[in-house]
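# The sequence and its predicted three-dimensional model are supplied below.
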Amino acid sequence: MSPYLNQNYQTKLTYRPTDVVISVPGKSGTTWTMNIVYQLRTHGNRNFDDIYSELTWIEVMDTPDSTEEDMIRKIDGMPTDPHPRGFKSHASPPTLPFREDVKYVVVARNPEEALVSLKTFLSKHSEEFLEYWGMTKDGFFFPDFTSYYEGFVKPSGFDTNLFRFVSNWWPLRNEPNVLMMHYSDMIKDHEGSVKKISDFLDYGPYTEEEWRAILQLTSFSWMKRHETKFEARTVWKIPVIVKGGMMRQGSFGLAREEGLGEDIAKEVKERGKEVLKDEVAYDWFYNGGEIK
């Protein structure tokens, strides 16, 4: 795991009944979902600096010298007012504690698309950030998809962890405090998906003007035009990625066009079946649709 990541301390936080956790694996719509939750919480607000200063990522260390106790103290001390706390986590239960008095917005994405998106994202990390955390470019920049898959994905288990994420959440999918959605369904029906999250969080009601603003501010076109608001600029003292490296195109179904070959796709499926054994869950992970 990268030295700036620490998934342990989220198990030790003091959660509150008003907390909302956005649980999404890497490169699967996390930032978009964060913005949807934020815009619903604030009834549509464009005057924010960085989405990461509005919702807290509970898996990162502030500095190389930070301790788990430092992070726990910081997050446990956050005020509730004027809005309930919102958290981001790439983890799933049991690494991410499941509590009946906390709401969880869970999103999964076709694993092939997540793999393609991650390759681009890795290459956008700034050299200053890597140097600050004692890392080298070798682990982030790959000339082709095969070297990326063999040199990063398989050694890190990123692909199998995507399947494990769904496997861990699937038994909890119908719990009243869990809303589990698929990225492709959210793309297909933007307003319907925002409405579903709105009904789940119960941050409304909204005026017609507020609702129009929320839909505009959660559109990929608006977020792309204001992408500096979504680049985690306030998480660390130095930029984690180069400008324009966070927001992509907000699409689905293009993994083959973006470099994922049939051989690797087949291997990912085989590795995934060893982790996600429920056939219904497996099919949903790849294709989306109604959760049963």
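Yep, that arrived.
# what about Val60, neighbour count?
By the other CB atoms under 10 Å criterion, the neighbourhood of Val60 contains 20 residues. Using the backbone N, CA and C atoms, a C-beta is placed for each residue, glycine as well.
# ditto for Lys154
Other residues near Lys154 come to 16 when the count uses other CB under 10 Å.
# where's it, which helix or strand?
Secondary-structure element containing Lys154, defined by DSSP states H and E: helix 154-156.
# And the helix or strand following that helix, what does it pack against?
Taking DSSP H and E as the definition, the helix or strand that follows helix 154-156 towards the C-terminus is helix 158-169. If you count contacts as 3 or more CB pairs under 8 Å, 6 or more residues apart in numbering; DSSP states H and E, helix 158-169 packs onto strand 103-108, helix 111-123, helix 262-273, helix 279-287.
# Can you show me the CA trace of helix 158-169 as PDB?
Output for helix 158-169, consisting of C-alpha atoms alone and laid out as PDB, is shown next (Å, rounded to 0.1, in the frame of the first residue of the first chain):
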ATOM      1  CA  PHE A 158      -6.200  -4.000  -7.300                       C
ATOM      2  CA  ASP A 159      -8.300  -6.200  -9.700                       C
ATOM      3  CA  THR A 160      -9.300  -8.800  -7.100                       C
ATOM      4  CA  ASN A 161      -9.900  -6.100  -4.500                       C
ATOM      5  CA  LEU A 162     -12.600  -4.600  -6.800                       C
ATOM      6  CA  PHE A 163     -14.400  -8.000  -6.800                       C
ATOM      7  CA  ARG A 164     -13.800  -8.300  -3.000                       C
ATOM      8  CA  PHE A 165     -15.400  -4.900  -2.500                       C
ATOM      9  CA  VAL A 166     -18.700  -6.100  -4.200                       C
ATOM     10  CA  SER A 167     -18.500  -9.500  -2.400                       C
ATOM     11  CA  ASN A 168     -18.300  -7.700   1.000                       C
ATOM     12  CA  TRP A 169     -21.100  -5.300   0.400                       C
END
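# Packing partners of the helix or strand following that helix?
Proceeding C-terminally, helix 158-169 gives way to strand 178-182 as the next helix or strand, assigned by DSSP H and E. Helices and strands touching strand 178-182, by 3+ CB pairs under 8 Å, 6+ apart, are strand 103-108, helix 190-201.
# Same list, these, but as CSV with mean pLDDT, distance to Glu262 and mean neighbour count please.
Putting the helices and strands packed on strand 178-182 into CSV (pLDDT from 0 to 100; distance: least, CB to CB, whole Å; neighbours: other CB atoms under 10 Å) gives the following:
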stretch, mean pLDDT, distance to Glu262, mean neighbour count
strand 103-108, 98, 23, 24
helix 190-201, 98, 31, 17
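# nearest to Thr42, of these?
Thr42 lies closest to helix 190-201 among the helices and strands packed on strand 178-182, at 11.9 Å (CB to CB).
# And for the closest one, what's in contact with it?
Residues lying outside helix 190-201 but in contact with it, judged by CB atoms under 8 Å, 6 or more residues apart in numbering, are 20, 33, 36-37, 40-41, 103, 105, 179, 181, 185-186, 204, 206, 214-215, 218-219.
# Among those, which lie within helices?
In this view, these that belong to helices under DSSP state H are Thr33, Ile36, Val37, Leu40, Arg41, Asp185, Met186, Ile214, Leu215.
# Can you tell me which of the residues you listed are buried?
In the ones in helices among the contacts of helix 190-201, burial by neighbour count holds for Thr33, Ile36, Val37, Leu40, Arg41, Asp185, Met186, Ile214, Leu215, counting by 16 or more other CB atoms under 10 Å.
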